[in-house]
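Undergrad: Following is a predicted model, sequence given first.
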Amino acid sequence: MLLKLLKYDFRAMWKQFSLIWGAALVLALINRFTLYGRIHLVGENASNMIVLTFGSVLAAMFVIAIMFVVRRFSKGLLGDEGYLMHTLPVHPWQLVLSKLICGVVAWVGCGVVAVLSPAFMLPWNLPDLLQISLWSDIFRGIMKHPDMLILMAEFCLVILSVIVLLIAVIYLALSIGHMVSRHRNLVGVAAFIGLYILLVNLYDRVFSYKVVRPLLDMTTANAYGSMLTAVAAMLIPAAAFLAVTCWILEHKLNLE
């Protein structure tokens, strides 16, 4: 059943992000030819306008990503669609997990597009990029330093854990706001700020204890331990927030 929920959520995600992801990549290609092309088809003012539009699309993309996470959870589980979703033969944690996975993928997709778009704007020489010798040299260089692959993988895990924690805070804040009868949005915003302050104080207190400090020194003696410690520090409170969110959905849900 979780796969069916994911299919439903991914379909909604694709409808919302396919246009803006495509627009960002197309504008990046247009900027590449207007900025570095030998023949300028547009004037300087038009070129500057295209660059400004490209930057606006990238900024709007991440704003839409935040709104997507908020709306999919609020409308799908706490709003009108909640009447249907909560009648399905699934547990609340499956509903939350489906929204969480979809939200993480949406954020990762925005990040990939944000990285690829400027790369498309660079004056790459396509025939050079298609040479097999170039990619074989890159592969041999990577194989000489296999530790870099591990570091890159752990860095990606850190980024994913940060996204998971952010979405978990948003979900719990929305759930807390839903528990009141009036001014739910305002309470949700206040809960988000309160949870953020709680996390900051929690990290400050836990990592300052004399018992924890030697353990941190041991795990952060190298880059591998440091990144894995960061991942654990993000995922543990995220799991706690998601557990509370599921408990609220199961015991305190009020769709009236």
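TA: Here it is on my side, so go on.
Undergrad: Tell me which helix or strand Ala12 sits in.
TA: helix 2-36 (DSSP states H and E).
Undergrad: looking only at pLDDT, what's the mean for that helix?
TA: Averaged across helix 2-36, pLDDT comes to 83.
Undergrad: Now do the next helix or strand after it against helix 2-36, angle only.
TA: The helix or strand immediately downstream of helix 2-36 is helix 44-77, counting by DSSP H and E. Here the directions of helix 44-77 and helix 2-36 differ by 170 degrees (axes from the mean of the first three to the mean of the last three C-alpha atoms, to 10 degrees).
Undergrad: Counting by contacts, list what helix 44-77 packs against.
TA: helix 2-36, helix 82-85, helix 92-121, helix 147-178 (3 or more C-beta pairs under 8 Å, 6 or more residues apart in numbering; DSSP states H and E). To be clear about C-beta, it is placed using only N, CA and C from the backbone, and glycine gets the same treatment.
Undergrad: returning to that earlier point: could you say what helices and strands the helix holding Ala12 packs with?
TA: By 3+ C-beta pairs under 8 Å, 6+ apart, helix 2-36 packs against helix 44-77, helix 92-121.
Undergrad: Let me have the helices and strands packed on helix 44-77 in a markdown table, extended by distance to His251.
TA: Converted to a markdown table, those look like this (distance: least, C-beta to C-beta, whole Å):
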| stretch | distance to His251 |
| --- | --- |
| helix 2-36 | 21 |
| helix 82-85 | 15 |
| helix 92-121 | 9 |
| helix 147-178 | 11 |
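Undergrad: Among the ones you listed, which comes closest to Ala230?
TA: With C-beta to C-beta as the measure, helix 147-178 is the member of these nearest Ala230 (5.1 Å).
Undergrad: Would you indicate which residues of the helix or strand following that closest one are buried?
TA: The first helix or strand that comes after helix 147-178 along the chain, using DSSP H and E, is helix 184-206. Buried residues in helix 184-206, counted by 16 or more other C-beta atoms under 10 Å: 184, 187-188, 191-192, 195, 199.
Undergrad: Also stretch 107-124?
TA: 107, 109-110, 113, 117, 120-121.
Undergrad: go on, stretch 53-68?
TA: Applying 16+ other C-beta under 10 Å to stretch 53-68 flags 54, 57-58, 61, 64-66, 68 as buried.
Undergrad: And for stretch 79-86?
TA: 82, 85-86.
Undergrad: Any chance of those residues in CSV with pLDDT as columns?
TA: Output for the buried residues of stretch 79-86, formatted as CSV (pLDDT from 0 to 100):
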residue, pLDDT
Gly82, 73
Met85, 81
His86, 76
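Undergrad: sec struct for Asp80, please.
TA: With DSSP: H, G, I helix; E, B strand; the rest coil as the basis, Asp80 sits in coil.
Undergrad: Now it, what are its backbone angles?
TA: phi -60, psi -40 (degrees, to the nearest 10).
Undergrad: So it versus His86, what's the distance?
TA: Distance of Asp80 to His86, computed by C-beta to C-beta, to the nearest Å: 12 Å.
Undergrad: one step back: which two from the buried residues of stretch 107-124 end up farthest apart in space?
TA: Trp107 and Met121 (22.3 Å).
Undergrad: ok, the residue lying closest to Leu100 once chain neighbours are set aside - contacts?
TA: If the residues on either side of it in the chain are set aside, Leu100 comes closest to Ile167, at 5.8 Å by C-beta to C-beta, 6 or more residues apart in numbering. For Ile167, the contact set (C-beta atoms under 8 Å, 6 or more residues apart in numbering) comprises 69, 100, 103-104, 107.
Undergrad: wait, which of the residues you listed is closest to Asn31?
TA: Distances from Asn31 to those, taken by C-beta to C-beta, are shortest for Trp107, at 23.9 Å.
Undergrad: can I assume that closest one is in contact with Ile163?
TA: Yes. Look at Trp107 against Ile163 with C-beta atoms under 8 Å: they come within range, at 4.9 Å.
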